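Asks: Coordinates for the following, if possible.
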Amino acid sequence: MPTPTAQANHHALFPGHVSTLAVTDPELIDIFDDMAFDEVLENSELAPRLRLIITQLAALIGVGATAELRAMLGAGLAVGVTPVEAKEIVYQSVPYVGMGRAFDILHATNDVLTARGVELPLPGQSTTTRETRATDGRAVQERIVGAERVAAMYASAPDDEQHIQRLLSAHCFGDHYTRTGLDVPTRELVTLALLVGLGGADAQVRGHVTANLNVGNDRAVLIDVVTQLVPFVGYPRTLNALAAIDEIAPAA
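Replies: Presented below is the predicted three-dimensional model:
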């Protein structure tokens, strides 16, 4: 049986909800509840709202767990995640998981919000235009990645790949990181969780460990975030993320 602490944490997030898997697979659900809602939480200083945004909603998008995301989104809304924040997590995922996966997640998100009486569409959060997205995007890219690094990326790209660098600046950063609804440090934590959940993106995980440090998310925060991912993305992806943190921001 789950510990009393695990049960209390679970009930706070999912009031009145009884999982069908708790009936068909009670032993596995007990293991998950003990780990996700007790043992892992003992090692976290993140506020519940931020933990749901970063470690569970973003990571679940990364692994493509649409059904579980529906449940976790409900939990997130219960602890203060706003509809705008929920949508911005999905929008932030687009450059990393692609529109194919993001559309499925967006439909699920809209279903949950609509069922709770949220009127769609939500207020717009864009701060750029077609004329400014490239310039504004490169500016925020340089803030996050570093101006020298961005210049080196452009300089090292062959002529027939320059358009990819321009797309990266204008789309990934200009269309997404410039939006309101989530601040840049939170977006960077969301991106890290997305990439860890996605798997097979170790180089990008390393890049976004550095980016997180650049925007003020230190080793302790990154370790906390990655620890919360264990029940949702598994040990291999978690350990790969920890290796990236240890490489770039080693323990003192």
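Asks: For the helix or strand Gly137 falls within, name the packing helices and strands.
Replies: Gly137 belongs to helix 133-145 when assigned by DSSP states H and E. Under the contact definition 3 or more CB pairs under 8 Å, 6 or more residues apart in numbering; DSSP states H and E, helix 133-145 sits against helix 147-156, helix 184-198, helix 202-214. Using the backbone N, CA and C atoms, a C-beta is placed for each residue, glycine as well.
Asks: can you rerun that using 6 Å?
Replies: helix 202-214 (3 or more CB pairs under 6 Å, 6 or more residues apart in numbering; DSSP states H and E).
Asks: Determine the angle, from 0 to 180 degrees, between the helix it packs on and helix 184-198.
Replies: 160 degrees (axes from the mean of the first three to the mean of the last three CA atoms, to 10 degrees).
Asks: so for helix 202-214, what's the average pLDDT?
Replies: Helix 202-214 shows a mean pLDDT of 97.
Asks: which element follows it toward the C-terminus?
Replies: helix 219-233.
Asks: Would you mark the buried spots in that next one?
Replies: 219, 221-233 (16 or more other CB atoms under 10 Å).
Asks: Lowest mean pLDDT among the helices and strands of this structure, which one is it?
Replies: helix 4-13 (a mean of 51; mean pLDDT, DSSP states H and E).
Asks: Glu247 and Ser126, how far apart?
Replies: Separation of Glu247 from Ser126 (CB to CB, to the nearest Å): 35 Å.
Asks: Which one's more surrounded, these two?
Replies: The neighbour comparison of Glu247 against Ser126 (other CB atoms under 10 Å) goes to Ser126, with 14 against 10.
Asks: Now Pro158. Its backbone dihedrals?
Replies: Backbone geometry at Pro158, expressed as degrees, to the nearest 10, gives phi -60, psi 160.
Asks: The lengthiest helix in the chain vs helix 184-198, what angle?
Replies: Looking across the chain with DSSP state H, the single longest helix is helix 83-115. Angle of helix 83-115 versus helix 184-198, following the same axes, to 10 degrees, is 60 degrees.
Asks: Packing partners of helix 83-115?
Replies: Counting by 3+ CB pairs under 6 Å, 6+ apart, helix 83-115 packs on helix 66-78, helix 184-198.
Asks: ranking these by burial, who's on top?
Replies: Stretch with highest mean neighbour count among the helices and strands packed on helix 83-115: helix 184-198 (a mean of 25; mean count of other CB atoms under 10 Å).
Asks: avg pLDDT for it?
Replies: Throughout helix 184-198, pLDDT has a mean value of 97.
Asks: Which strands or helices does that helix pack on?
Replies: Using 3+ CB pairs under 6 Å, 6+ apart: helix 184-198 touches helix 59-63, helix 83-115, helix 202-214, helix 219-233.
Asks: Kindly indicate whether Thr128 is helix, strand or coil.
Replies: Classification of Thr128 using DSSP: H, G, I helix; E, B strand; the rest coil returns coil.
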